[in-house]
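**Q** task: produce atomic coordinates for the following.
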Amino acid sequence: MAPLYSTKVTAKGGRHGSIRSDDGLLDLSLALPKALGGSGGATNPEQLFAAGYAACFENALLRVSREARHHFTDDQVEVVAEIGISRNEAGNFVLSAALSVTLVGVDQATGEGFVHRAHQVCPYSNAIRGNVDVATTVTVR
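**A** This next block holds a predicted model:
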């Protein structure tokens, strides 16, 4: 099946280098975070992954809520993605993810249902399912 959308990003210099998309809209320096012994001062792959996951998951959440005939406004939904990097028992690097979702205007059960369904349709969730532990929390107001 042909992709609905495809993009290319070139990385040079690893975690101390840069990334640039083929259209030039993404053009960033990279740096190892201070927490990992680096100098910081620039973005890193975990931040980029967290940004993409949060935006994608929020869009999936908006889609499943619309399908259920509930329409959130932009200020009624917030998704915070936290990406962690650690080592497994073999000493290899692994990622973890936590999604904190805040919803306004629904009850807890409805909010949790939307988040569960969004986790099924989000491309990021589907890409990492079975490989990355993902914790979700839902707060309703």
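**Q** for the rest of this, base every contact and every neighbour count on C-alpha atoms.
**A** Will do.
**Q** state the helix or strand in which the most centrally placed residue in the chain lies.
**A** Closest to where the C-alpha atoms of the chain average out (CA atoms, centre = their mean) is Tyr53, at 1.5 Å. In the assignment (DSSP states H and E), Tyr53 maps to helix 45-67.
**Q** past that helix, which element shows up next along the chain?
**A** strand 77-87.
**Q** correct me, but the residue nearest to the centre of the chain touches Tyr124?
**A** Yes: if you go by CA atoms under 8 Å, Tyr53 and Tyr124 touch, sitting 5.9 Å apart.
**Q** surely Ser21 and Lys12 touch.
**A** No: using CA under 8 Å, Ser21 is not in contact with Lys12, being 11.7 Å away.
**Q** how about Leu30, phi and psi?
**A** phi -120, psi 150 (degrees, to the nearest 10).
**Q** backbone dihedrals for the residue located most distally from the centre of the chain, please?
**A** Distance from the C-alpha centroid of the chain peaks at Ala90, with 25.7 Å (CA atoms, centre = their mean). Backbone torsions for Ala90, taken as degrees, to the nearest 10, come to phi -80, psi 0.
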